[in-house]
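>>> what's the 3D shape of this:
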Amino acid sequence: MLDTVDSTMTEAARRAPDITRPTWIMAKHQTAARGRRGRAWIVPEGNLNATLIFRPEATPAEAAKRSFLAANALYQALSIYVSADKLALKWPNDVLLSGGKVAGILLESSGSGPFVNWLSIGIGVNLKHTPEGIEGAAFAPTSLAEAGGELVSPQDFLATLADAYATQEAKLMRLGFDRIRDEWLSKAARLGEVITARTGREDVTGIFDSIDRDGNLVLITGTGPRAIPAADIFFS
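Modelled structure (predicted):
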C-alpha cells in the first residue's frame with residue numbers, strides 16, 4: 001500500500017522493468033488518476049485505487065481481452081458485499097451497481113514485438129464514497145456503501161479481487177477465452193436490448209447481440225450485424 005502517487009498506472013509503468021511476477025500496486029491517494037481516453041478518475045479515500053502489472057506472454061490483441069477477465073473478477077468480488085442481482089457488466093470495461101457506475105477498468109501495455117512486454121490493469125472501485133463533481137456522465141457514479149452494500153476496506157477488497165482475478169487467469173489458461181466470454185455475457189447489462197454505441201465518428205444503434213471472440217461489441221442493426229471494437233455505450 002502506497003500513501004500517495006500520481007496514479008497507480010503510472011507507478012506500474014515506472015516499475016515495469018523490474019517486474020518478475022504479477023504485482024498489485026495500491027495507493028490511498030492519487031493526484032492524477034485517469035480513466036479511458038484520458039478522462040479524469042476521481043477516487044476519494046476509502047475507495048479502491050489499484051493496478052495489477054504482469055507479463056502475460058500474449059499478443060496485444062490477447063492481452064486486451066484481459067479487460068473481460070478483470071470485469072468477471074470484479075463482479076465476483078463485489079457480489080460478496082452486495083446482492084449480485086444489483087450488479088451488471090457494461091461493455092467494454094465498467095461495472096454497474098443498481099444502474100450506476102461503481103467500478104472501471106483501464107488497460108495499458110508495452111511491447112514492440114509479437115508479444116507485449118508487460119500489461120497493467122488499472123481498477124478503480126467506489127467502495128465507501130460516490131465521487132462528486134462528475135457532470136455529463138452517461139452513467140452516474142455510485143458506491144458500494146451508497147447502494148446498501150457491506151462496507152469493506154480497500155485492503156480487504158483487493159485481497160478478494162486478487163483471488164478472483166487469479167481464478168480468471170486459470171480459467172483462461174485451461175478453457176480458453178470462450179469460457180471467459182460466456183461468463184461475461186451471462187452478467188452483461190442490456191443483452192438482447194437496443195443500445196447505442198458512440199464511436200467518435202458515428203452513433204450506431206442496434207440490438208446488443210453478443211461480443212465476438214475478439215471482444216468486439218456485436219450489434220444487430222437495420223443493415224445487419226456490426227462488430228464495434230471501441231465506443232462509449234448509451235442505453236435507450
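>>> any regions of the protein where pLDDT drops low?
Scanning the chain with the threshold set as pLDDT under 70 gives 33-43, 133-138.
>>> try it again at 80.
For the chain, the stretches flagged by pLDDT under 80 are 1, 32-44, 112, 132-138, 236.
>>> in it, where's the longest helix?
Taking DSSP state H as the assignment, the helix of the chain that covers the most residues is helix 154-175.
>>> contacts made by the helix or strand just after that helix with the rest, please.
Note on helix 154-175: by DSSP states H and E, the next helix or strand toward the C-terminus is helix 177-185. The list of residues contacting helix 177-185 from outside it, by C-beta atoms under 8 Å, 6 or more residues apart in numbering, reads 65, 68-69, 71-72, 89, 168, 171-172, 191, 210-211, 213, 215. C-betas here are computed from N, CA, C, even on glycine.
>>> go again using 6 Å as the cut-off
65, 68-69, 72, 89, 171-172 (C-beta atoms under 6 Å, 6 or more residues apart in numbering).
>>> ok, stretch 120-127 next?
Outside stretch 120-127, the residues that touch it by C-beta under 6 Å, 6+ apart are 9, 12, 41, 43, 47-53, 66, 70, 102-108, 143-144, 157.
>>> mind checking which of these are in strands?
Among the contacts of stretch 120-127, the ones falling in strands (DSSP state E) are 48-53, 102-108.
>>> want to throw those into JSON lines with distance to residue 197 and neighbour count?
Putting those into JSON lines (distance: C-beta to C-beta, whole Å; neighbours: other C-beta atoms under 10 Å) gives the following:
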{"residue": "48", "distance to residue 197": "28", "neighbour count": "25"}
{"residue": "49", "distance to residue 197": "28", "neighbour count": "26"}
{"residue": "50", "distance to residue 197": "28", "neighbour count": "23"}
{"residue": "51", "distance to residue 197": "27", "neighbour count": "25"}
{"residue": "52", "distance to residue 197": "27", "neighbour count": "24"}
{"residue": "53", "distance to residue 197": "30", "neighbour count": "24"}
{"residue": "102", "distance to residue 197": "22", "neighbour count": "28"}
{"residue": "103", "distance to residue 197": "21", "neighbour count": "29"}
{"residue": "104", "distance to residue 197": "18", "neighbour count": "21"}
{"residue": "105", "distance to residue 197": "18", "neighbour count": "23"}
{"residue": "106", "distance to residue 197": "19", "neighbour count": "23"}
{"residue": "107", "distance to residue 197": "19", "neighbour count": "18"}
{"residue": "108", "distance to residue 197": "23", "neighbour count": "18"}
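>>> can you pull the contacts of the closest residue to residue 78 other than its chain neighbours?
Residue nearest to residue 78 in three dimensions, not counting chain neighbours: residue 87, with 5.8 Å by C-beta to C-beta, 6 or more residues apart in numbering. Shown in contact with residue 87 (C-beta under 6 Å, 6+ apart): 75, 78, 97.
>>> next: residue 72.
Residue 72 touches 168, 183-184, counting by C-beta under 6 Å, 6+ apart.
>>> could you give the bridge partners of residue 48?
Partner residues in beta bridges with residue 48, using DSSP bridges, are residue 125.
>>> pull the CA atoms of the helix or strand containing residue 74 into PDB?
Assessed by DSSP H and E, residue 74 sits inside helix 66-78. Below are the C-alpha coordinates for helix 66-78, written out as PDB (Å, rounded to 0.1, in the frame of the first residue of the first chain):
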ATOM      1  CA  ARG A  66      -7.900  -9.300 -20.000                       C
ATOM      2  CA  SER A  67     -10.500  -6.500 -19.500                       C
ATOM      3  CA  PHE A  68     -13.100  -9.200 -19.600                       C
ATOM      4  CA  LEU A  69     -11.200 -11.300 -17.000                       C
ATOM      5  CA  ALA A  70     -11.000  -8.200 -14.800                       C
ATOM      6  CA  ALA A  71     -14.700  -7.400 -15.200                       C
ATOM      7  CA  ASN A  72     -15.600 -11.000 -14.300                       C
ATOM      8  CA  ALA A  73     -13.400 -10.800 -11.200                       C
ATOM      9  CA  LEU A  74     -14.800  -7.500 -10.100                       C
ATOM     10  CA  TYR A  75     -18.300  -8.900 -10.400                       C
ATOM     11  CA  GLN A  76     -17.400 -11.900  -8.300                       C
ATOM     12  CA  ALA A  77     -15.600  -9.800  -5.700                       C
ATOM     13  CA  LEU A  78     -18.400  -7.200  -5.400                       C
END
